[in-house]
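Trainee: Make a model of this:
(2 chains)
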Amino acid sequence: MIGVAALEAWPGALALTLGAYLAGRVAQRLCKGHVLANPLLLAVATVVAVLLATGLPYARYFDAAAPLHFLLGPATVALAVPLVRHAAGVRSRLSPLLASIAGGTLVATVLAIGLAAAMRAAPEVLASLAPKSVTTPVAMEIALRLGGLAGLAAVIVAGWRQPPCGWM
Amino acid sequence: MPGASPATAMVDKPVHATSTVAEPERTLSGLFWLLAFLLLGEDLTHRLGWPAPGAMIGMALLFIALCLLGRIPDSLVKASELLIGLLPLFVVPAGAAVLTQAAWGLNDLAALALAVPLSTLTGLLVAGLLARRGDR
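Mentor: Modelled structure (predicted):
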């Protein structure tokens, strides 16, 4: 068994994160891409389980795994490339698509916040629900700025998507 | 192309590819441009005090730049495929923060369990109906 001291140094944190995500992808393939076999959700669950089992505080894990977190920045910028790729096909149907996206997003957001508020969810939970219709890294930033929780926003958004497939 | 050597496969890239540049160099130059636009985005948000995160501004700037350019350089295709393919991995460290945020009550969990699926499905339904109506 690897000790906590090794786990909270960067090789341990990176190996844990990468291994958990790899296992999640393999599980998704074995489940033939079932919605619930989401690699990100499985990886988060694995990391959380390991942290709970070893007693390693989350903040120490995050500091050690920060190199992976930093790569979110350039990866978010990279989303411009598939956007431009699809822009040509989108242009001919721009107005129905914009109406569809705006309408769908508005309904989903209002309904999510409304339902959760009606059930008296905590303000942080409401703020984490607000950006549910945008892509994960963007949702995390928005949730933080609204006083929400980035981790919860990531799980809310990712639980309904299969980011690796069909983005490009 | 079955049986093609890696070297010829590289030459047969889309017309805009600079065929003499080696593969790793191409990916590296794509990564460089992504970082450059991220830096530009960060700089703008700090300079102008915008509330939007630098990465989103960088993405918007790159989108505009590529639209003006009228094509997508192969370097950026390579680098973005690499990073976007691994994007969920980069979300795991921040996502694991749900552990520290697990202090909610039961009604928070119940609210999430009801609000997330119901709002998502309704939103998809509305989006689909609007798109179909607009296509007619």
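
Trainee: For the helix or strand where residue A:86 lies, give me every contacting residue.
Mentor: Here residue A:86 sits within helix A:80-91, counting by DSSP states H and E. Residues outside helix A:80-91 that contact it (Cβ atoms under 8 Å, 6 or more residues apart in numbering or on different chains): A:97, A:167-168, B:37, B:59-60, B:62-63, B:66-67, B:72, B:76-77, B:80, B:84. In this view, the C-beta of every residue, glycine as well, is placed from N, C-alpha and C.

Trainee: Quick check: the two most widely separated of these?
Mentor: Maximum pairwise distance among the contacts of helix A:80-91 (Cβ to Cβ): 25.1 Å, between A:97 and B:37.

Trainee: I figured residue A:24 was touching residue A:42, is that so?
Mentor: Yes - at 3.5 Å, residue A:24 and residue A:42 qualify as touching, with contact defined as Cβ atoms under 8 Å.

Trainee: Tell me where the model's unsure across chain A.
Mentor: Scanning chain A for pLDDT under 70 picks out A:1-2, A:147, A:155, A:158-168.

Trainee: Give me the three-state assignment for residue B:52.
Mentor: Put simply, residue B:52 is coil when judged by DSSP: H, G, I helix; E, B strand; the rest coil.

Trainee: What about it, how many residues nearby?
Mentor: Applying other Cβ atoms under 10 Å in any protein chain shown, we find 16 residues neighbouring residue B:52.

Trainee: what does residue A:17 give?
Mentor: 26.

Trainee: And residue B:54, by the same measure?
Mentor: 22.

Trainee: just the CA coordinates of the helix holding residue A:86, formatted as CSV?
Mentor: Provided in CSV are the C-alpha atoms of helix A:80-91 (Å, rounded to 0.1, in the frame of the first residue of the first chain):
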residue,chain,number,x,y,z
ALA,A,80,-12.3,27.5,-30.6
VAL,A,81,-11.1,25.0,-33.2
PRO,A,82,-14.2,22.8,-33.3
LEU,A,83,-16.3,25.9,-33.0
VAL,A,84,-14.7,27.3,-36.2
ARG,A,85,-15.0,23.9,-37.9
HIS,A,86,-18.7,23.8,-37.3
ALA,A,87,-19.2,27.5,-38.0
ALA,A,88,-19.4,26.9,-41.8
GLY,A,89,-22.2,24.3,-41.5
VAL,A,90,-24.0,26.4,-38.8
ARG,A,91,-24.0,29.6,-40.8
